[in-house]
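Colleague: generate coordinates for the sequence data below:
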Amino acid sequence: MKKIIILIYGILAYIIFLVSFVYAIGFVNTIWVPKGIDSGAEIDMMTSLLTNIGLLSLFAVQHSVMARPTFKNWWIKIIGKPAERSTYILLTSLALLLIFWKWQPMTDTIWTVENSVMEISIQVLYFIGWTIVLLSTFMISHFELFGLTQIVDNLKNKVTRFPSFQTNLFYGLVRHPIMLGFLIAFWATPTMTLGHLVFAIVTSTYILVAVKFLEEKDLEKALGKTYTDYQKKVPMLIPFTKLSKE
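Modeller: A predicted model of the protein is given here:
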């Protein structure tokens, strides 16, 4: 019965992730969804700025702390290994949904593209960014990344193996294509409002800091020479630059 409960829990966590991911696509460019980054009544700028930075900071802390090996080793003792990844995905998704719910619009226009061809091109680039994010998860291990492999293995009385290091397709161009996709999506907009700019700057800063000083360090410790050799051959985020190491 416990394994069935964990299975249902993991599936629900994945469904909530899918909802938050799809909503994010509409939210960032204020398309298709009832409340986007520029939707709603405005309040005073300082309150909006502090609220929005606070929401993004809460997400950054949750996302970074729970991803660290030291925290995982402690958390597994409480939640159990099969449910650890699903719990991380669930709390990350809930943090995103909180951002979508409580985000305060700041609609002063920073720039706007009025040429219709350029506008369409930027919108296409926006969706390319999100496509890169999604496809990149399947180029490593999508179902392990989002906790489904662990809950199914648990049901089968199997121990989930640590995923093998892979450099498929996009991972042969950059070390972190998921983050590259996010950066493209967050900045590719024909109309950049102040609120969108705050979102793009804060999230981009978080991505750069987290990747460089947290994720890369964890991967170096976990994979050793395999990863340091990979760093020398493949750039971190900018394709075709082939920097020796950032």
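Colleague: C-alpha from now on. contacts and neighbour counts both.
Modeller: OK.
Colleague: wait, residue 189 touches residue 122, no?
Modeller: Yes. With contact defined as C-alpha atoms under 8 Å, residue 189 reaches residue 122; the gap is 6.1 Å.
Colleague: more neighbours, the two?
Modeller: residue 189 (23 against 20; other C-alpha atoms under 10 Å).
Colleague: what about the longest helix in the chain?
Modeller: helix 2-28 (DSSP state H).
Colleague: just the buried residues of it, please?
Modeller: 3, 6-7, 9-11, 13-14, 16-17, 20-21, 23-28 (16 or more other C-alpha atoms under 10 Å).
Colleague: and the next element down the chain from it?
Modeller: Beyond helix 2-28 on the C-terminal side, the first helix or strand identified by DSSP states H and E is helix 45-65.
Colleague: ok, and what's touching that next one?
Modeller: For helix 45-65, the surrounding residues in contact (C-alpha atoms under 8 Å, 6 or more residues apart in numbering) are 42, 71, 88, 91-92, 95-96, 98-99, 102-106, 195, 198-199, 202-203, 206, 210, 214.
Colleague: filter the residues you listed to the buried ones?
Modeller: So, by 16+ other C-alpha under 10 Å, the buried ones in these are 88, 91-92, 95-96, 98-99, 103-106, 195, 198-199, 202-203, 206, 210.
Colleague: residue 61 and residue 39: what is the separation?
Modeller: Here the criterion is C-alpha to C-alpha, to the nearest Å. By it, residue 61 lies 26 Å from residue 39.
Colleague: quick one, which of the two is more surrounded?
Modeller: residue 39 (16 against 12).
Colleague: can you pull the contacts of that one?
Modeller: Here residue 39 is in contact with 30, 105 (C-alpha under 8 Å, 6+ apart).
Colleague: do you know how far it is from residue 154?
Modeller: Following C-alpha to C-alpha, the distance that separates residue 39 from residue 154 is 43 Å.
Colleague: name the surrounding residues that touch stretch 89-106.
Modeller: 13-14, 16-17, 20, 24, 27, 35-43, 45, 48-49, 51-52, 55-56, 58-59, 62-63, 146-147, 193-196.
Colleague: I'm done for today, thanks for sticking with me.
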